[in-house]
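Asks: Provide a 3D model corresponding to the input given below.
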Amino acid sequence: MGERAGAVERVTGETSVRARLVLAPGESTVSTGVGFLDDMLQALARHAGVTLQVEGWGDVHVDSHHTVEDVGLTLGACLNDALGERAGIARYGFAYAPLDEALARAVVGPAMLRRPELVQRWLAEDPDGVVVGSLLVDGRATVGERNDVAREG
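Replies: From the prediction side, this is the model:
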């Protein structure tokens, strides 16, 4: 089997995003004009063991919503392309990530059946799940996640 990779370009009235995802470790570069999103995508690539090349711009002078959403949709389409026919991919997986003051958990269900769904409980940033939800729609994956924030007491 050759390299599992996907490349997509998405252009709308509000944004322009070009991305490439390789399902193997490598040097990632991310520049979207939304600093927090850039940092999170760099961390995602590093911890997931994938290579991301993302370049985008959007109407961030209004707000970051369109850019964040379209980056998620573009990366989801890249993931879908990279997975292809889903040959040799485990159907289920899970991960726990203990952070400074939080515990993040994610469970990937029958994700490779091409039925996108996000089951979530957010207690932090992105309360509407725009990034993850957008990625899953075009990535055609199912993910359940939960983030618990430590309570001072």
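Asks: from now on I want contacts and neighbour counts done on CA atoms only, so please keep to that.
Replies: Fine.
Asks: which residues in this protein form strands?
Replies: Secondary structure of the chain (DSSP state E): strands located at 5-11, 15-22, 29-31, 51-58, 93-98, 102-108, 117-121, 142-149.
Asks: so which bits of the third one are buried?
Replies: Going back to what we said before, that points to strand 29-31. Residues Val30, Ser31 are the ones in strand 29-31 that count as buried (16 or more other C-alpha atoms under 10 Å).
Asks: pLDDT of it, averaged?
Replies: Taken as a whole, strand 29-31 has a mean pLDDT of 98.
Asks: that older thread, got a markdown table for the strands of the chain, with distance to Gly72 too?
Replies: Below are these laid out as a markdown table (distance: least, C-alpha to C-alpha, whole Å):
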| stretch | distance to Gly72 |
| --- | --- |
| strand 5-11 | 11 |
| strand 15-22 | 10 |
| strand 29-31 | 13 |
| strand 51-58 | 11 |
| strand 93-98 | 20 |
| strand 102-108 | 17 |
| strand 117-121 | 13 |
| strand 142-149 | 14 |
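Asks: rank the ones you listed by mean pLDDT and give me the bottom one.
Replies: Lowest mean pLDDT of the strands of the chain: strand 117-121, a mean of 51.
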